[in-house]
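**Student:** Build me a model:
(chains A and B)
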Amino acid sequence: MYHYDEYDRRIVEERAKQFGGQVERRLSGEIKEVEFKPLRLQNGLYMQLHAYMLRVAIPYGTLSTKQLRMLAHVARKYDKGYGHFTTRQNIQYNWPKLEDVPKILEDLASVEMHAIQTSGNCIRNITSDHFAGVARDELEDPRTWGEIMRQWSTFHPEFAALPRKFKVAISATPGIDRAAVQFHDIGVRIVENAQGVRGFEVIAGGGMGRTPFIGPVIGQFVERHDLLSYLEAILRVYNTYGRRDNLFKARIKILVNALGADEFRRRVEEEWAFIKDGPLKLTDVEIERVAKQFTPPAYKKLDAADTLLDSYKLGKDRDLARFVQNNTALHKVPGYVSVVVSLKEKGTPPGDMTDVQMDRFSDLADRFGFGELRVTHTQNLILPDVEITQLAELHRELAALGLATANANKLTDLIACPGLDYCALANARSIPIGLAIMERFEDIDYQNDLGELNLKISGCINACGHHHVGNIGILGIDKQGEEFYQLMLGGSAGHDASIGQVLGKAFSRTEIVGAVEKVLEHYLKIRASAEDRLIDVVRRVGLGPFKEVLYPPPAQKGAVHADH
Amino acid sequence: MGKLPLKWVVTGNFTADGSVAWLRAGGEFGHQLSEAQLFETKDAAEAARQLVLGAERIVSDPYLTEVGVAQQGLDALSARERIREQGPSVRVRRPDPSVSR
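**Tutor:** Here you go, the predicted structure:
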């Protein structure tokens, strides 16, 4: 993985010291909150409902075990003994004291981590396919390019005060999208043209939130050496023409939609012509310098072991069988798999991990891999390099830590934002709804019967829980101070991107889980086969049949919806 | 249940740790809604808020909110203020498996 050079180290250490001075001035009363707020936000520090929240960047979701142990230390020493992995592959601490934050940043800097640009109207943490570097189906490791973009965007002076925040994601697998690139301000796909030359397809203007859009392709094929200048041109057009008069219309998606993709592209090309052959042109030497940091580890020469993998799935140990069936992914090196470690155990807020779990999991990542792990935007962890022969032993160890829930890509592998239990922006709670769904549908055989299906919950329209792209999406809303939940169907964050549609009137807290159950029951009733996924059924039959089940005419009994 | 009589209070977050603060009589801030000073009108509460803005070192971003006055105490009127008053409605830190199993 990437290791800091002297320049990286210096800017991170200096930033921690600088923030220490700013905190001192705030605590002494020398500066007021209105002056301090932009300073703390630049260091990932929010004020939430009950406490500060510190968001720490995990670039492209890659962590070393040394870093995870430090995250455990921070959780133990400065917080309440846990951290929360987010939908941007970051980690958040929900209870730090202000005076401790500079010390936390110094501790993080010692393991090459920081909280810079995890908030504010700047380019945020760059996310990636969580199987980057190990996926059997990828063209190349996208993290090289994630790191090149990270270095370009960190403290970029021209883009420190954009109209709004700006999120970039990268993926490298043809026809498969595990990074939701079409729902980012910029999505980058590594592609190969007809001549077999690698380059980038660049998408701009996607997003969720108040106004969801699937981003259009702006750059059909951008050559490798031109990536940064092309991105810079997009950012310049956005910085120049993006709206600053209305917070809700300030994201790039609004600009791209207002101009139309063709006009936006024309402006980008016009700007690009000025800078294309300037200092942002990447040299082979520079690309190679960064790529070397992602050299694959020293894999053993193993037999493919696919038969063994199958035998696990058919074995008598049904817990292990379900785990291997649901929580492993094909690896590019024979004899290895990647393992999805679900942070969705019943009773646990999605994405939460205790300090003890982090420490012990670090030990497992050293023992069953090469001291590296990944954070997914679906709030799970990945052990990227596990020998197939060691799966049974790993499963036993994970089970002892409460980390062997075999629900990857199943109903209870749900995303939920912190919601109104923590977040100052939220309108309704997300976590209790998620926990209730995890409890109601705990039976993994039932979930396997439902097949590949995802459910995403947001506590407000800002959509940190990605409700727009859930096969089943739940959006918490406020009605005169009380929490209600809209239910939507048909969203997908994948290559076949789609935005979910609202089914009808919102449900109360006590009704929403029952409404989800009715949707699932009806899906099982009308699907053509076990392979006919919920998303396929919704696309085929539309919302009508599900509306009929959820909102029957008044004469019928059994409606789950109360009048309000 | 009939409507509760409504009053105004001033609230914010302590600068030191972000915890919830309620303005008490006398101009100090405390942690309990039950100790909050009640104002009959929004204007009176706003006047108090303006006064404490000078003490913004202690509490950040004070604002006004309405509460219901019941026999057994004060009721926050929205889900948001109820959760601010009572803390997260979910367990803050799960027990470690080795301890609980």
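**Student:** Low-confidence stretches in chain B?
**Tutor:** Applying pLDDT under 70 to chain B flags the ranges B:1-2, B:98-101.
**Student:** Tell me if the strand of greatest length in chain B is near chain A.
**Tutor:** For chain B, the longest strand by residue count, based on DSSP state E, is strand B:59-70. Yes - residues of strand B:59-70 contacting chain A under C-beta under 8 Å from any C-beta of the partner chain: B:60-61. For every residue, glycine as well, the C-beta is placed using N, CA and C.
**Student:** what residues does the stretch 301-450 of chain A put near chain B?
**Tutor:** Contacts of the stretch 301-450 of chain A with chain B, taken as C-beta under 8 Å from any C-beta, map to A:347-349, A:352, A:354, A:356-357, A:400-402, A:420-422, A:426-429, A:431-432, A:435.
**Student:** Selection in PyMOL covering whichever of the residues you listed are buried, please.
**Tutor:** In PyMOL, a selection of the buried entries from those looks like this (16 or more other C-beta atoms under 10 Å in any protein chain shown):
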select buried, chain A and resi 348+349+352+354+356+357+401+402+420+421+422+426+427+428+429+431+432+435
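**Student:** Which members of the residues of the stretch 301-450 of chain A next to chain B occur in helices, if any?
**Tutor:** Counting by DSSP state H, these place A:356-357, A:400, A:431-432, A:435 in helices.
**Student:** Going by distance to residue A:317, which of these wins?
**Tutor:** residue A:400 (15.0 Å; C-beta to C-beta).
**Student:** Quick check, pLDDT for that closest one.
**Tutor:** We have a pLDDT of 96 for residue A:400.
**Student:** With adjacent residues omitted, what lies nearest to it?
**Tutor:** What sits nearest to residue A:400 in space, not counting adjacent residues and going by C-beta to C-beta, 6 or more residues apart in numbering or on different chains, is residue B:97, at 6.5 Å.
**Student:** and the gap between that neighbour and residue A:403?
**Tutor:** Residue B:97 is 8 Å from residue A:403, where distance means C-beta to C-beta, to the nearest Å.
**Student:** Same check on residue A:358?
**Tutor:** 11 Å.
**Student:** Please identify which of these two sits among more neighbours.
**Tutor:** residue A:358 (26 against 22; other C-beta atoms under 10 Å in any protein chain shown).
**Student:** how is chain A carved up into domains?
**Tutor:** A:6-109, A:134-293, A:306-400, A:415-550 (automatic domain parsing).
**Student:** For the third one, what is the spacing between the initial and final residues?
**Tutor:** Terminal residues of domain A:306-400 are spaced 26 Å apart (C-alpha to C-alpha, to the nearest Å).
**Student:** I'd like the distance from it to the chain centre, please.
**Tutor:** From the chain centre to the centre of domain A:306-400 is a distance of 19 Å (C-alpha atoms, centre = their mean, to the nearest Å).
**Student:** One more: the second one?
**Tutor:** When distances are taken as C-alpha atoms, centre = their mean, domain A:134-293 is centred 17 Å away from the chain's centroid.
**Student:** can you count the residues close to residue 21?
**Tutor:** Assuming you mean chain A. By other C-beta under 10 Å, the residues close to residue A:21 number 11.
**Student:** other chain: chain B
**Tutor:** 22.
**Student:** What residues are bridge-paired with it?
**Tutor:** residue B:12 (DSSP bridges).
**Student:** Contacts made by the lowest-mean-pLDDT helix or strand in chain A with the rest, please.
**Tutor:** In chain A, the helix or strand scored least confidently by mean pLDDT, DSSP states H and E is helix A:306-314, which has a mean of 91. The contact list for helix A:306-314 (C-beta atoms under 8 Å, 6 or more residues apart in numbering or on different chains) reads A:320-321, A:324-325, A:328, A:337, A:388-389, A:391-392.
**Student:** The same query, at a cut-off of 6 Å, please.
**Tutor:** With C-beta atoms under 6 Å, 6 or more residues apart in numbering or on different chains as the test, helix A:306-314 has contacts from A:320-321, A:324-325, A:388.
**Student:** So which of those residues wins on neighbours?
**Tutor:** residue A:324 (25 neighbours).
**Student:** Just give the number of residues close to the spatially closest residue to that one that is not a sequence neighbour.
**Tutor:** In space, and not counting its chain neighbours, residue A:324 is closest to residue A:312: 4.1 Å by C-beta to C-beta, 6+ apart. Residue A:312 has 20 neighbours, counted by other C-beta under 10 Å.
**Student:** what do you get for residue A:155?
**Tutor:** 12.
**Student:** Would you map the helices across chain B?
**Tutor:** For chain B, the helices defined by DSSP H cover B:42-53, B:79-86, B:97-100.
**Student:** deepest of those, which one?
**Tutor:** Comparing the helices of chain B by mean neighbour count (mean count of other C-beta atoms under 10 Å in any protein chain shown), helix B:79-86 comes out on top with a mean of 19.
**Student:** List the contacts of that helix.
**Tutor:** A:49, A:420, A:483, B:20, B:33, B:65, B:76.
**Student:** quick one: the second one from residue A:506, how far?
**Tutor:** Computed as C-beta to C-beta, the residue A:420 to residue A:506 distance reads 15 Å.
**Student:** Looking at the contacts of helix A:306-314, which are in helices?
**Tutor:** A:320-321, A:324-325.
**Student:** Using just helix, strand and coil, how would you label the nearest residue to residue A:470 once chain neighbours are set aside?
**Tutor:** Excluding the flanking residues, the one nearest residue A:470 by C-beta to C-beta, 6+ apart is residue A:456, at 3.3 Å. Assigned with DSSP: H, G, I helix; E, B strand; the rest coil, residue A:456 falls in the strand class.
**Student:** which helices and strands sit right next to the helix or strand where residue A:511 lies?
**Tutor:** Per DSSP states H and E, residue A:511 falls inside helix A:509-526. Packing partners of helix A:509-526 (3 or more C-beta pairs under 6 Å, 6 or more residues apart in numbering or on different chains; DSSP states H and E): helix A:431-440, strand A:482-489, helix A:544-550.
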